[in-house]
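[1] output the structure for:
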Amino acid sequence: MEYQPGSEYQRTASQSTVGYSPLPNQREEQQPHNHIPHQYQQPSSCCNRDMRNQPQANALGAAHSNSLATLPCRANKLLNGTALIFLSGGMNMAWSIGFDSLEDELVIYMHIRVAWFIGAILGALLGILLGRRFSYKLLMQFCCVLVIIGGFLVTATQLEVQAMLAARYLNGLANGLALPSTLAMAGELAVCYKRGTIASAAEQMSCTLGIFMQIVISVSWSTEYELSVDQFQGVLCALYGGIALCLATLFSIESPVLLLARDEEEQAIAALIRLQYPRAVTTETNEQLTEHSSYLAHNNSLGVAQAWGQALPALLRLCLLRALYAMSTSMLVIFTLTVTSTSVYGISSGPYVLFGLLRLAGSCSGAFVQDTLGRKLTQLIGFMICSGASMAVASRFTGEHFVRIPDLRMALWLLLIFQFFAGLGFAPSSVYLSEAFPLSVKRTCIAIVYVMELTVQMFVCSADLSLHTATIYFFGLGVFLLLGFAFSHWYLPETKFLTLRQAQQKFRDFS
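    Sure, this is the predicted structure:
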């Protein structure tokens, strides 16, 4: 395969004679490097880094958005495409844990409340079967269609129980199908010095933005409007799905690793060229191809039992991490927010909006420092402060018969602080999911972790909503987060600037 000067791809001085170097011997096991490979040497400024690697975010369905000009170097590419599927999922998840309308409370029963979680579980399990059999583009297009249909179902009806139930199932199914493949692709498409930001923003930031939007809509919507809250949510979901469908069709790129695994070397090189600006076959392209080939050779050398043996330590660690993530934004947390906010500030929507805004700010802050401060430091800071805040919230409710207004006010502000640092502390979880598992079991392990997270959410939804239960819950959450802090310090590695092969080796045992 040779690219001519007048073709789509530019030739450069660093291009080899035939466009790319020969592939390394698949039998040669290369040892991890202690330095950043040449292709991962960072450009001189963040603007150059973002411009050169923008197609890696685009390939996950992210396009440049000038409306978010306040973010560094206007590298604001993460609110479209696949991220829009997770944004719609965040809105539906927020609805399921309590950010609904008064009209909804008249017709909601437990099945509707947990329907989105059940749909997402089914989607994740189905994704294990479909992820390897269909291309990423086709899978994302199918997910977008599900989001659109779910949005139309809610928009076309008002307080119709069966339509609400079907819409939650469809949106959950789309999110469950999309998440394992998207996080796996994020690790395989991004260069190591951008993988943290791309993976965290694609899932955590997008989902949290959806939660924030649902909070704002639910607390500020007037019954005098022609559309109900649910109908407006349906309009937004259908719109997100339509935009995401267009972007997935235009920007999706297949994983070079999976293309190499299918012996489609020329297509893998073409994919690598499309993942950077300018589109040229360069020495960097050759070195990325070499690294992907080494990663593939390393994983091909693992049998099924070996792959699962190496995946098990990471699987257990990340199941615990994502279970804590589910507990940090659950129905009991929203119940506590409602009780404290109503008791102190009446019907004011301010505390609810601030709750969502602080969680979003924490997620954004965490996403954009994953490749500078690293994964471990942000997680340790978040867990340490969340643990103290959680137990402090519980201590405000220890009165036997009556909780004073000053205690409720203090509990409310502690809960708001908790949300910011929870967003910060759980931002690395998406990154760890994208890089921790052997290739042959990666999507399956991500799906298992996601199912565990959703199961925790469903369990909390069935709990008794009372201050007594909330007291026990926050004490327990504080203790678990404190244990999580110690656990993260000793057993979760720092993977900043590591290639996928090096990161995978860091997770292969409990040391």
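[2] low-confidence regions, the stretch 251-400 of the chain specifically.
    Along the stretch 251-400 of the chain, the parts satisfying pLDDT under 70 run over 399-400.
[3] N175 - nearest residue in space that isn't next to it in sequence?
    G89 (3.7 Å; C-beta to C-beta, 6 or more residues apart in numbering). To be clear about C-beta, it is placed using only N, CA and C from the backbone, and glycine gets the same treatment.
[4] got it, and S88?
    S88 sits nearest to C237 (C-beta to C-beta, 6+ apart), 4.4 Å away.
[5] now the one you found, what's its secondary structure?
    For C237, the assignment made with DSSP: H, G, I helix; E, B strand; the rest coil gives helix.
[6] thought it was touching L146?
    No: using C-beta atoms under 8 Å as the test, C237 is too far from L146 to be in contact (10.2 Å).
[7] helices and strands around whichever strand or helix holds Q233, which ones?
    Here Q233, judged by DSSP states H and E, is contained in helix 229-251. Applying 3 or more C-beta pairs under 8 Å, 6 or more residues apart in numbering; DSSP states H and E, we find helix 229-251 packed against helix 82-96, helix 102-107, helix 136-156, helix 161-189, helix 206-220.
[8] who's in contact with stretch 454-471?
    Residues from elsewhere that reach stretch 454-471, judged by C-beta atoms under 8 Å, 6 or more residues apart in numbering: 93, 96-97, 110, 113-114, 117-118, 120-121, 124, 323, 326-327, 330-332, 335-336, 339, 394, 397-398, 403, 473.
[9] and the residues you listed, which of them are in helices?
    Using DSSP state H, the members of the contacts of stretch 454-471 that fall in helices are 93, 96, 110, 113-114, 117-118, 120-121, 124, 323, 326-327, 331-332, 335-336, 339, 394, 473.
[10] please spell out the ChimeraX selection for the buried subset of these.
    A single ChimeraX command selects the buried members of the ones in helices among the contacts of stretch 454-471 (16 or more other C-beta atoms under 10 Å):
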select :93,96,113,114,117,118,120,121,124,323,326,327,331,332,335,336,339,394,473
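[11] what's the residue positioned nearest the centre of the chain in contact with, if anything?
    By C-alpha atoms, centre = their mean, the chain has its centre lying nearest to E203, at 2.0 Å. Residues near E203 by C-beta under 8 Å, 6+ apart: 86, 179, 182-183, 430.
[12] mind giving me the PyMOL select for the residues you listed, buried ones only?
    Buried residues among the contacts of E203 (16+ other C-beta under 10 Å), as a PyMOL selection:
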select buried, resi 86+179+182+183+430
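[13] and the contacts of E203 as JSON lines, adding distance to E105?
    Formatted as JSON lines, these follow (distance: C-beta to C-beta, whole Å):
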{"residue": "F86", "distance to E105": "26"}
{"residue": "L179", "distance to E105": "29"}
{"residue": "T182", "distance to E105": "33"}
{"residue": "L183", "distance to E105": "34"}
{"residue": "S430", "distance to E105": "32"}
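[14] out of the contacts of E203, who's nearest L315?
    Nearest to L315 among the contacts of E203: L183, at 14.0 Å, using C-beta to C-beta.
[15] separation between that closest one and S429?
    Distance of L183 to S429, given as C-beta to C-beta, to the nearest Å: 10 Å.
[16] what of K442?
    15 Å.
[17] can you report phi and psi for F507?
    phi -100, psi 0 (degrees, to the nearest 10).
[18] from what I see, it and A314 are in contact.
    Yes: at 4.0 Å, F507 and A314 qualify as touching, with contact defined as C-beta under 8 Å.
[19] what touches both of those two?
    Common neighbours of F507 and A314 (C-beta under 8 Å, 6+ apart) are 436-437.
[20] okay, the two: which has more neighbours?
    Applying other C-beta atoms under 10 Å to F507 and A314 shows that A314 carries more neighbours, namely 26 against 23.
[21] list the contacts of the more buried one.
    Residues counted as contacts of A314 (C-beta under 8 Å, 6+ apart) are 432, 436-437, 445, 507-508.
[22] ok, now how distant is it from K442?
    A314 is 10 Å from K442, by C-beta to C-beta.
[23] next one: L500
    10 Å.
[24] show me whatever sits in contact with both of these two.
    G187.
[25] show me the contacts for the closest residue to F383 other than its chain neighbours.
    Counting by C-beta to C-beta, 6+ apart, F383 lies nearest to F485, which is 4.1 Å off, once chain neighbours are set aside. Listed by C-beta under 8 Å, 6+ apart, the contact partners of F485 are 380, 383-384, 387.
[26] right, I'll leave it there.
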